[in-house]
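>>> Any chance you could fold what I've pasted below:
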Amino acid sequence: MIFQQILNEESGCLSYLIGCSEAGRALVVDPGRDRVPEYLRLAAKKGLTISHILETHTHADHISGNRDLAEAVRAPILVHRAAGVAFAHEDLSDGDEIRIGTVRFKVAHTPGHTPDSISLLVTDLSRGEAPWFVLTGDLLFVGSVGRPDLGGATAAEDIFESLRRVLRPLDDLVEVYPAHGAGSSCGKAMSAKAGSTIGFERRFNPAFRYDDKRAFVEFIMAGIPPKPAAFDRIVAKNKGLVALAAAKPRPYSAREAREAIAQGAFVLDLREVADFGEAHVPGALNVWIDGPQFAERVAGMAPAGAPMLLMGAPSDVERAVTTLSRVGVDDIVGFLQWGMVEW
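Next up is the predicted model:
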């Protein structure tokens, strides 16, 4: 078995490339839109062809790269049948199995965070029949569980049942690999560790301490942070209900930028706050591109649907376009070619 975890430190998103060296094929789990070239390079480096693309659930914090990756490698996208997506895919159900050489992936439907959430029990059959690790999606994190945004208390009850039915019976030595870690808005009090074991979570994760469903629900529902403003828009794009677009910004002169602003555009200033404070376009939104959770903060604060102009160094403009595509911010029409000097 070949196992590779890919971490996006800024957002806390975790994706996986898992394959069989003998078969020369691999499955990519929960791909990010901004990481597709990385998956292709990684697979090629390890002598693998990506033959399957799988989503553990419909993501609300970032745009999936499943369709871009599927187009690049001509592989099917696998989602649970409850996902309700509007693009070409293959449905998964509880108990289904996927085989890639000596690697077996068993699907367990684990609703709660979302109705279509699944976990994957992964076994290296060359070593034995017992599962080696479980990909838990957003059901179980290291030190926490997924937030039940979509269904409230009912969804929290589903999380309780999914944990009890699928994860609690597993051996303590089974490794745990979630879809998110610290920095993500999909849970609370999440650890910065990128992996764990069932035994560790059984001992230290507060969610494992409750045998009473009502007490568990009260614990989960207490102190849930506000749902980020971009969640619903990102879900719609990930379901294929809203078309994805690729931003292609062009250079704007200061005069063109002023005219665009008068017609409803706004400026996103990527510079450090000290530079912004010295001089900036009136009304500009300042989010430093090297600040924590840059893309998520922009997605939550930018006026929805308004054309965006970027202010910053050319290299930062390029980075911003790529990074913002991950959270579905694609209304970037241009950048101020000569910055504050011309303004």
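>>> which strands and helices sit next to the helix or strand harbouring residue 318?
Using DSSP states H and E, residue 318 falls within helix 314-325. Packing partners of helix 314-325 (3 or more CB pairs under 8 Å, 6 or more residues apart in numbering; DSSP states H and E): helix 294-301, strand 308-311, strand 332-336. Every residue, glycine included, has its C-beta placed from N, CA and C.
>>> other SSEs contacting the second one?
This points to strand 308-311. Strand 308-311 packs on helix 254-262, strand 266-269, helix 314-325, strand 332-336, going by 3+ CB pairs under 8 Å, 6+ apart.
>>> Would you mind getting the angle between the first one and strand 332-336?
Calculated by axes from the mean of the first three to the mean of the last three CA atoms, to 10 degrees, helix 254-262 forms an angle of 140 degrees with strand 332-336.
>>> can you list the residues that contact helix 254-262?
Identification of contacts with helix 254-262 by CB atoms under 8 Å, 6 or more residues apart in numbering yields 252, 265, 267, 281, 283, 307, 309, 333-334, 336, 338, 342-343.
>>> Could you pick out the buried ones from these?
Neighbour counting by 16 or more other CB atoms under 10 Å classes 252, 265, 267, 281, 307, 309, 333-334, 336, 343 among the contacts of helix 254-262 as buried.
>>> closest to residue 102 among the residues you listed?
Of all the buried ones among the contacts of helix 254-262, residue 333 has the smallest distance to residue 102: 49.9 Å, by CB to CB.
>>> State the distance from the closest one to residue 20.
45 Å (CB to CB, to the nearest Å).
>>> Verify the stated contact: residue 67 with residue 76.
No: at 11.5 Å, residue 67 does not count as touching residue 76 under the criterion of CB atoms under 8 Å.
>>> neighbour-wise, which of those two wins?
More crowded of residue 67 and residue 76, by other CB atoms under 10 Å: residue 67, with 21 against 13.
>>> does that one sit in a helix or strand, and which one?
Counting by DSSP H and E, residue 67 is part of helix 66-73.
>>> Buried residues in that helix, which are they?
66-70, 73.
>>> three-state assignment of residue 28?
Going by DSSP: H, G, I helix; E, B strand; the rest coil, the secondary structure assigned to residue 28 is strand.
>>> For it, grab the count of nearby residues.
With other CB under 10 Å as criterion, residue 28 counts 31.
>>> Ok, residue 9 next?
Residues near residue 9, counting by other CB under 10 Å: 11.
>>> what does residue 98 give?
17.
>>> Which residue, other than its chain neighbours, is closest to it?
Excluding its sequence neighbours, the residue lying closest to residue 98 (CB to CB, 6 or more residues apart in numbering) is residue 105, at 4.2 Å.
>>> Counting by contacts, list what the host helix or strand of that neighbour packs against.
Using DSSP H and E, residue 105 sits in strand 103-109. The helices and strands touching strand 103-109, judged by 3+ CB pairs under 8 Å, 6+ apart, are strand 13-20, strand 97-100, strand 118-124.
>>> in the chain, what spans have low per-residue confidence?
Within the chain, the stretches with pLDDT under 70 are 150, 182-191.
>>> Can you give me the domain boundaries for it?
2-236, 250-342 (automatic domain parsing).
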